[in-house]
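Engineer: how does the following fold in three dimensions:
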Amino acid sequence: MTDQSLDGPLLGPAEIRELAERAGIRPTKTLGQNFVIDPNTIRRIVATAHLTSDDHVLEVGPGLGSLTLGLLAASSAVTAVEIDPPLVAQLPETVERFYPEAASRLTVVQHDAARVTDLPGATPPTALVANLPYNVAVPVLLHILETFPTVRHGLVMVQDEVADRLAAGPGSRVYGVPSVKANWYAEVSKAGVIGKNVFWPAPKIASGLVRFERRDPPADETLRKEVFAVIDAAFAQRRKTLRAALSGWAGSGARAEQILRAAGIEPGERGEKLDVKAFARIARAAATVPDPPTQPQAEQPTPVTRETQAEPATEHHE
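Structural biologist: Predicted structure coming up:
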């Protein structure tokens, strides 16, 4: 049954299945579709997102609109980015039917959220709230944080294991590339676990809520790509020391060691022990350490001809 309360109308299992049938939609694994069918879970997500009536929410993957309705009740506007055409067509109809007074505050954009670079409307989004498909959760989150700096805070629901990785700190067993890159943009924390049975179809594993609050990056934005390159290299082979792991990125093990020492980091340390500020110091220090000298190309042997046959051979020492 549709739940009508102070926070607006919410959808239950019957409405979700009826909407899916009306739109000819069957959830697909390819698009990572698992629709929330429990109104209490929607209330919990919206409350945990800490939205205000001034927030313009960016929702990724709105699906059949169960979360969209809750977000419209708690914010000034919602821009929903959806890749599946039938869902794009269905969402405005759902809001018009169940929450008509909020229909004018919804904008639906058909696009891949991992590639969208521009959104319609004069007011930019200030918050991200999304039930992210498991297979693209980290790339989508990082892309949104990079592309839309007006997004100051938010809450995403992801696979529970991914939530742990995003929120992990240095030294944790699951600390890695997603943890460090997310921390370039924001303070990230885990905000709870969502069970499997609140979804249709039910996934095989639980979901986790990840909350973030944007903060100033640890270095100038122009250095971000180089910092991310250092992070990728450091975690490519976790068991290696930083001197060994960064040798390819630096051009040699010797230069990697020089860079690390210039950054105040022991070359024998491992990447999993460093926070994002330390990675930024490494990238910054790289600019102060000269590139290794280019090895001169060996001279090509002179072809033997009538003119050269009689000339004595000369040794060439590098």
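Engineer: what comes up buried for stretch 120-139?
Structural biologist: 125-134, 136-138 (16 or more other CB atoms under 10 Å). In short, each C-beta sits where N, CA and C put it, glycine included.
Engineer: tell me where this protein has helices.
Structural biologist: Assigned by DSSP state H, the helices in the chain fall at 13-23, 39-48, 66-74, 85-98, 137-147, 160-167, 177-185, 224-236, 242-245, 247-250, 253-262, 276-286.
Engineer: which one, of these, ends up nearest to Val198?
Structural biologist: helix 39-48 (4.5 Å; CB to CB).
Engineer: now do the closest one, average pLDDT.
Structural biologist: Mean pLDDT, computed over helix 39-48, is 96.
Engineer: quick one: contacts of that helix?
Structural biologist: With contact meaning CB atoms under 8 Å, 6 or more residues apart in numbering, helix 39-48 is reached by 3, 7, 10-12, 36, 66-67, 69-71, 73-74, 129, 155, 157, 191-192, 194, 198, 209, 211.
Engineer: reformat the buried residues of stretch 120-139 as a markdown table; add distance to Pro86.
Structural biologist: Formatted as a markdown table, these follow (distance: CB to CB, whole Å):
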| residue | distance to Pro86 |
| --- | --- |
| Pro125 | 24 |
| Thr126 | 29 |
| Ala127 | 27 |
| Leu128 | 24 |
| Val129 | 22 |
| Ala130 | 19 |
| Asn131 | 18 |
| Leu132 | 20 |
| Pro133 | 16 |
| Tyr134 | 21 |
| Val136 | 19 |
| Ala137 | 22 |
| Val138 | 26 |
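Engineer: closest to Gly248 among the residues you listed?
Structural biologist: Of these, the one sitting nearest to Gly248 (CB to CB) turns out to be Val138, at 23.3 Å.
Engineer: if I pick that closest one, what's in contact with it?
Structural biologist: 158, 162, 165-166, 178, 182.
Engineer: 10 Å instead, please
Structural biologist: Val138 is in contact with 114, 132, 156, 158-159, 162, 165-166, 177-179, 181-182, counting by CB atoms under 10 Å, 6 or more residues apart in numbering.
Engineer: same question, Arg261
Structural biologist: 243, 267, 285, 289.
Engineer: how about Ala114?
Structural biologist: By CB under 10 Å, 6+ apart, the contact set of Ala114 is 60, 81, 83, 133, 136, 138-144, 147.
Engineer: which among the contacts of helix 39-48 end up buried?
Structural biologist: Applying 16+ other CB under 10 Å to the contacts of helix 39-48 flags 3, 7, 10-11, 36, 66-67, 69-71, 73-74, 129, 155, 157, 191-192, 194, 198, 209, 211 as buried.
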